[in-house]
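Chemist: got a sequence here, can you build the structure:
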Amino acid sequence: MEAINIYLLLLIILSVVLMACLVILARSYLRLLDRNKSLVETVSNLGELNDRLRMDRHDYLNQLQIVYGLMELEEYDEMNSYLRKVYKELLKTGKAIKTSKPAINALLAAKYAECDAKGIEMVIDVKSDLKDIKIEDWELCKVLSNLTDNAIRALVDSEVSEKRIRVNITETKDKYIFDVENNGPEIPDEIREHIFKKGFTTKKGEGHGMGLAIVSKILEESGGDIKLETEEGKTVFTVELKKL
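Modeler: Sure thing, here's the model as predicted:
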């Protein structure tokens, strides 16, 4: 009888260990799936940015020929006006390509194009190359993507006539700072305290209420922090990541 009891005890212990291993494996598998999804999106963004740069290069060669022709014809006023338009187009891509992280550059370029298509002015101000930032690129992409998507949704659903999003990336001696600002309506008090909780949403439909919770979870695991400031015509999410 004692031998049977020992056998049952060992069997129970083995079952518990196996269950624990299965749980760990399942969590690791889900994490890998999530990372793979982020990497696929990043590769897609990089491909779109590369295509955009190739198209721009082709267009700018043609534009240089036009400028040269206007100069030959001594149409200096027309040339000056034309160069202003070309310069504005250059800024659309150039503003996003200022960090040492290709994935971040591609994401910003993709969000810029999305805002442009939806009639939203997006201003990107990069004052850090993010060279020594410790968070994984794909995790930082998820943070910036979710915050930008949140700002886009706020403006698309608003009645603001001139819709604007500003993304500021900077650093101090001790930390990296990311500001994502929009000029949409103020977030009500009753929403602010719940906005980072998983599943919380003011919208109907599957998939809503996850973005800011994902951001909060990533920052918690990365030793970062997020703050919200909101008033009518100005809502800013500020992410801070300490330098190690």
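Chemist: so residue 128 sits right up against residue 176, yeah?
Modeler: Yes. Counting by Cβ atoms under 8 Å, a contact exists between residue 128 and residue 176, whose distance comes to 6.3 Å. All C-beta spots, glycine's among them, are computed from the backbone N, C-alpha and C.
Chemist: shared neighbours of these two, anything?
Modeler: Both residue 128 and residue 176 are contacted by 169-170, under the criterion Cβ atoms under 8 Å, 6 or more residues apart in numbering.
Chemist: of those two, which one has the most company?
Modeler: Summary of the neighbour comparison: residue 128 and residue 176, criterion other Cβ atoms under 10 Å, with residue 176 having more neighbours (21 against 18).
Chemist: which ones are touching that one?
Modeler: 128, 130, 133, 169-170, 240-241, 243.
Chemist: and which of these is nearest to residue 106?
Modeler: residue 130 (13.5 Å; Cβ to Cβ).
Chemist: report the separation between that closest one and residue 174.
Modeler: Between residue 130 and residue 174 the distance, using Cβ to Cβ, to the nearest Å, works out to 15 Å.
Chemist: settle it for me: which of those two has more neighbours?
Modeler: Neighbour tally, residue 130 and residue 174, criterion other Cβ under 10 Å: the higher count belongs to residue 130, 20 against 8.
Chemist: and the gap between that one and residue 144?
Modeler: Residue 130 sits 11 Å away from residue 144, taking Cβ to Cβ as the criterion.
Chemist: what is in contact with the two at once?
Modeler: Counting by Cβ under 8 Å, 6+ apart, the common neighbours of residue 130 and residue 144 are residue 104.
Chemist: ok, back up a step: so which of the contacts of residue 176 is the closest to residue 101?
Modeler: When these are ranked by distance to residue 101 (Cβ to Cβ), residue 130 comes first, at 5.3 Å.
Chemist: where does the closest one sit: helix, strand or coil?
Modeler: The three-state assignment at residue 130 reads coil, by DSSP: H, G, I helix; E, B strand; the rest coil.
Chemist: so it sits against residue 169, correct?
Modeler: Yes. Taking Cβ under 8 Å as the definition, residue 130 is a contact partner of residue 169 at 7.2 Å.
Chemist: give me the common contacts of those two.
Modeler: Among the neighbours of residue 130, those also in contact with residue 169 (Cβ under 8 Å, 6+ apart) are 99, 176.
Chemist: which stretches of this protein form strands?
Modeler: Per DSSP state E, the chain has strands spanning 121-126, 164-171, 175-182, 224-231, 234-242. These are given in chain order.
Chemist: adding distance to residue 139, write these out as a markdown table.
Modeler: What follows is the strands of the chain, written out as a markdown table (distance: least, Cβ to Cβ, whole Å):
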| stretch | distance to residue 139 |
| --- | --- |
| strand 121-126 | 19 |
| strand 164-171 | 15 |
| strand 175-182 | 13 |
| strand 224-231 | 10 |
| strand 234-242 | 10 |
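Chemist: these: which one's closest to residue 157?
Modeler: Comparing the strands of the chain against residue 157 with Cβ to Cβ, the closest turns out to be strand 175-182 (11.2 Å).
Chemist: pairing partners for the closest one, with directions?
Modeler: Each strand pairing with strand 175-182, determined using DSSP bridges, is listed with its direction: strand 164-171 (antiparallel), strand 234-242 (antiparallel).
Chemist: right, and the ones you listed - which one's nearest residue 106?
Modeler: Nearest to residue 106 among the strands paired with strand 175-182 is strand 164-171 (14.1 Å), distances taken as Cβ to Cβ.
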